[in-house]
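Engineer: Fold the following.
(one chain, ligands or ions: 1)
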Amino acid sequence: MNTTYTTGNTKRPRLTTAARLAVIAVMLAAIGIARAQAREIVLERVRSQEETIRVISLVDGLQNPWGMAFLPDGRILISERPGRLHLLEDGTLRAVSGLPVIDVGGQGGLLDVALHPDFEENGWIYLAYSAGRGASRGTRIARARLEDRRLADVEELFRMNNGSAAGVHFGSRMVFLPDRTLLFTIGDRGDRQRAQSLGEHAGKTLRINDDGSIPADNPFAGRPGALPEIYTYGNRNAQGMAVQPGSGLVWQHEHGPRGGDEVNIIEAGSNYGWPAITYGREYSGGEVSPLTAAPGMEQPVVYWVPSIAPSGMSFYSGRAFEGWRDNLFVGALAGQHLRRLVVEGREVVHQEVLFQGQLGRIRDVREGPDGFLYILTDARNGALLRLEPAR
Ligand SMILES: [Ca+2]
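Structural biologist: I've put the predicted structure just below:
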């Protein structure tokens, strides 16, 4: 260290610029260490096929957290299904006010949260949630400007048609495509034939512009009897979706009934088959359909029997886990694990189950801007966890 001091009895010791920077760096490191120590280590060292991982809890006490979004300033937006939105700021949860009216119950409530690709310029955030009472209940999409910890200019952009009192299969994940259109999912609302009807929003992947208008190049725009927001159909209930870096392909998974969870590559106008074809069965054990394939209906990339109940999906493109580069990660609720899928082209060539039974139900998984993976656990006392390399 090139620390030097001026001589002279009356002068206080002085540091060179380089030494001052070194001292500041040590102080910052000390603060970082203190924060890291304040966080709970959930799993100290987990060896897996490609990486050795530690899992830390950034915050707990979240009630059924559902989705998250990373703000450019380092804060993290976290939605809770019971209808609350939080900002995680320096390890502290702070409530965001001004949410639209949300109807909470069954699988409904506040679901996903997403940032506009130009959030830094326009401040728009997007919410997927259930609203409406009784027969009008259904999935909606709204946007609002995040101003400090308050939502301003709240604007409902989309409301599904044919609401129902059913408490299941609202979807919903959102993802912005490179052209700044918004894709989002809605499940079949427990009324499976709706998934095959182009006159229903249920059981679909839908696409709108960032202001809620309808893209002119949507596959069914202009077709009589078809809803113009529809992008794909025959989707049972999708709660995970991600754009693959490089290829730009949209990957999505959906819940099967008893068995038959699927991963699909989502392409405009395609029919993913529910309930005409499926690898799942009724919960009673009986047949949903005798068919697993049919002309004009897409086959899944992979399917899972028994069901893992997938939720949350993220490609990994960071540098913290070199062995996981370009892999696809899927959370599992009933399966209680994180699943790593090795993707080659349009195929999944290998799967690994991580943290089986160690973290509970996983609702969401995302890659953070720091290259670490973040997980939300689905519980009354849920947590935001971070996966880091264990050194
Ligand atoms: Ca299918």
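
Engineer: in stretch 338-351, what counts as buried?
Structural biologist: Buried residues in stretch 338-351, counted by 16 or more other Cβ atoms under 10 Å: 338-343, 348. Just so you know, the C-beta spots here come from the backbone N, C-alpha and C atoms, and that holds for glycine as well.

Engineer: got the contact list for it?
Structural biologist: Stretch 338-351 has contacts (Cβ atoms under 8 Å, 6 or more residues apart in numbering) with 48, 244, 249, 263, 265, 301-302, 308, 310, 324, 326-332, 352-355, 359, 362, 365, 375.

Engineer: how far does that stretch stretch from start to finish?
Structural biologist: Using Cα to Cα, to the nearest Å, one end of stretch 338-351 lies 10 Å from the other.

Engineer: What of stretch 284-297?
Structural biologist: Termini of stretch 284-297 sit 25 Å apart (Cα to Cα).

Engineer: near the ion, which residues of this structure?
Structural biologist: 272-273 (Cβ under 5 Å from the ion).

Engineer: for the chain, what helix or strand is lowest in average pLDDT?
Structural biologist: helix 17-38 (a mean of 51; mean pLDDT, DSSP states H and E).

Engineer: moving C-terminal of that helix, what's the next helix or strand?
Structural biologist: Per DSSP states H and E, helix 17-38 leads on to strand 40-47 as the next helix or strand towards the C-terminus.

Engineer: Quick test: name the residue nearest the centre of this protein.
Structural biologist: Nearest residue to the geometric centre of the chain (Cα atoms, centre = their mean): G312, 4.4 Å.

Engineer: how near is that one to the ion?
Structural biologist: 19 Å (Cβ to the ion, to the nearest Å).

Engineer: tell me the pLDDT at that residue?
Structural biologist: The model reports G312 with a pLDDT of 98.

Engineer: I'd say it and Q239 touch.
Structural biologist: Yes: at 7.2 Å, G312 counts as touching Q239 under the criterion of Cβ atoms under 8 Å.

Engineer: who's in contact with A379?
Structural biologist: Here A379 is in contact with 64, 360-361 (Cβ under 8 Å, 6+ apart).

Engineer: for the stretch 201-350 of the chain, which spans come out with low pLDDT?
Structural biologist: With pLDDT under 70 as the threshold, the stretch 201-350 of the chain has no low-confidence stretch at all.

Engineer: circling back: filter the contacts of stretch 338-351 to the buried ones?
Structural biologist: Judged by 16+ other Cβ under 10 Å, buried ones among the contacts of stretch 338-351: 48, 244, 249, 263, 265, 301-302, 308, 310, 324, 327-332, 354-355, 359, 362, 365, 375.

Engineer: Quick check on the residue in the stretch 101-250 of the chain positioned nearest to the ion: phi, psi?
Structural biologist: Relative to the ion, the nearest point of the stretch 101-250 of the chain is G234 (6.2 Å; Cβ to the ion). G234 has phi and psi values of phi 70, psi 30 when expressed as degrees, to the nearest 10.

Engineer: Which residues are in contact with it?
Structural biologist: 195-196, 203, 271-274, 276, 297-298 are the contacts of G234 under Cβ under 8 Å, 6+ apart.

Engineer: measure it to L333 for me?
Structural biologist: For G234, the distance to L333 (Cβ to Cβ, to the nearest Å) stands at 22 Å.

Engineer: Equivalent analysis for P178, please.
Structural biologist: 30 Å.

Engineer: For the nearest residue to I266 once chain neighbours are set aside, name its beta-bridge partners.
Structural biologist: Nearest non-adjacent residue to I266, counting by Cβ to Cβ, 6 or more residues apart in numbering: V250, 4.2 Å away. Following DSSP bridges, V250 is listed with bridge partners V243, I266.

Engineer: Can you give me the neighbour number for V250?
Structural biologist: Neighbour count of V250, defined by other Cβ atoms under 10 Å: 20.

Engineer: One more: R173?
Structural biologist: Count around R173 with other Cβ under 10 Å applied: 25.

Engineer: Verify the stated contact: it with T185.
Structural biologist: Yes: applying Cβ under 8 Å as the test, R173 and T185 come out as touching, 5.4 Å apart.

Engineer: any residues in contact with both of those two?
Structural biologist: Counting by Cβ under 8 Å, 6+ apart, the residues touching both R173 and T185 are 238-239, 241, 252.

Engineer: Select, from the residues you listed, the two members most distant in space.
Structural biologist: Q239 and Q252 (9.3 Å; Cβ to Cβ).

Engineer: So for the two, which sits in the more crowded spot?
Structural biologist: The neighbour comparison of Q239 against Q252 (other Cβ under 10 Å) goes to Q239, with 29 against 26.

Engineer: For that one, which residues are in contact?
Structural biologist: 171-173, 185, 253-255, 310-312.

Engineer: now R258
Structural biologist: By Cβ under 8 Å, 6+ apart, the contact set of R258 is 280-283, 285, 306-307.

Engineer: Save those as TSV, and put in secondary structure too.
Structural biologist: Listed next are the contacts of R258 as TSV, based on DSSP: H, G, I helix; E, B strand; the rest coil:
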residue	secondary structure
G280	coil
R281	strand
E282	coil
Y283	coil
G285	coil
P306	coil
S307	coil
